[in-house]
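Enquirer: no sequence on this one, just coordinates:
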């Protein structure tokens, strides 16, 4: 019965990637409510001001309170100057960091469906670890805008997160397939999606007008571009963290070879980032 429904659904959605982009775009995807979409637009516009960002966030009372709480955490508030004003925290820690907090919170809000919660949690955890590692690697490479690389890494799996956060027909079918052990998780995704999650992410970020770096990293993940390499290495490290093996020696060696830094120093930075990510993540979810 389930396989029959899968076949029918796949035939309908597999015709082309546009079907999936349109389908997800028409759903109420938690990761992108109207306020977050506005924040994203401001983030992509070099002419946006801190005042505009603060006023946009203030449209959502819940988001405002949460952003202020995170902004006052030790990771972001290095000067220990607490504030209860969103306008002030935007000025204190900067436009990019506040945008980063908003987007991270929005992705965490995707954890809404108990059926797919464990799957989404693993994807989000990997994205969060990858983003922190990618930004740190960007600093090792002495790149100009590590915050931009953080955001691109954070949103790299947006297609997969959006897919799993849906509570509609597709999410139910794929969950049924996995729960009934008909196929592996990967095969279930392929059966329902008819394409790869990376292709879906690329289609969505193109449709939604996300950053050029994010689009380029999804279109050509093996590029030799230093910014894209930072995202790639961030995910290599994150994969090992999520799988609880912490085996990132080969990634450390590649970074060392390309930057001239010692493998020991780079490994120390990576380990410090793992602890930092866990501590910061606690501030987001509590």
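Expert: Arrived safely. Since this is a predicted model, take the numbers as computed values, not measurements. Numbers count the residues shown, from 1 in each chain.

Enquirer: drop to CA atoms for contacts and neighbour counts, all remaining ones
Expert: Noted.

Enquirer: Now whichever strand or helix holds residue 41: buried residues?
Expert: Secondary structure assignment for residue 41, by DSSP states H and E: helix 34-44. By 16 or more other C-alpha atoms under 10 Å, the buried positions in helix 34-44 come out as 35, 36, 39, 40, 41, 42, 43.

Enquirer: Closest to residue 105 out of the residues you listed?
Expert: Among the buried residues of helix 34-44, residue 36 lies closest to residue 105 (C-alpha to C-alpha), at 9.5 Å.

Enquirer: And residue 252, what's its pLDDT?
Expert: Looking at residue 252, its pLDDT stands at 94.

Enquirer: wait, what's in contact with it?
Expert: 263, 266, 267 (C-alpha atoms under 8 Å, 6 or more residues apart in numbering).

Enquirer: and residue 130, what does it touch?
Expert: Remark: with contacts taken as C-alpha under 8 Å, 6+ apart, residue 130 is in contact with 153, 154, 231, 233, 234, 235, 236, 237, 238.

Enquirer: So it: helix, strand or coil?
Expert: On the three-state scheme (DSSP: H, G, I helix; E, B strand; the rest coil), residue 130 is labelled helix.

Enquirer: Just the contacts of residue 252: which are in strands?
Expert: Among the contacts of residue 252, no member falls in strands (DSSP state E).

Enquirer: sorry, back to before: I'd like the buried residues of helix 34-44 written out as JSON lines, with pLDDT and distance to residue 50 added.
Expert: Listed next are the buried residues of helix 34-44 as JSON lines, based on pLDDT from 0 to 100; distance: C-alpha to C-alpha, whole Å:
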{"residue": "35", "pLDDT": "78", "distance to residue 50": "15"}
{"residue": "36", "pLDDT": "77", "distance to residue 50": "15"}
{"residue": "39", "pLDDT": "83", "distance to residue 50": "11"}
{"residue": "40", "pLDDT": "77", "distance to residue 50": "13"}
{"residue": "41", "pLDDT": "79", "distance to residue 50": "13"}
{"residue": "42", "pLDDT": "83", "distance to residue 50": "9"}
{"residue": "43", "pLDDT": "77", "distance to residue 50": "10"}
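
Enquirer: Closest to residue 199 out of those?
Expert: Residue 199 has its nearest neighbour among those in residue 40, at 20.7 Å by C-alpha to C-alpha.

Enquirer: What separation is there between the closest one and residue 282?
Expert: As for residue 40, its distance to residue 282 is 24 Å (criterion: C-alpha to C-alpha, to the nearest Å).

Enquirer: Identify, from the buried residues of helix 34-44, the entry nearest to residue 119.
Expert: Comparing those against residue 119 with C-alpha to C-alpha places residue 36 closest, at 22.8 Å.

Enquirer: hang on, that closest one packs against residue 104?
Expert: No. With contact defined as C-alpha atoms under 8 Å, residue 36 and residue 104 do not form a contacting pair (10.3 Å).
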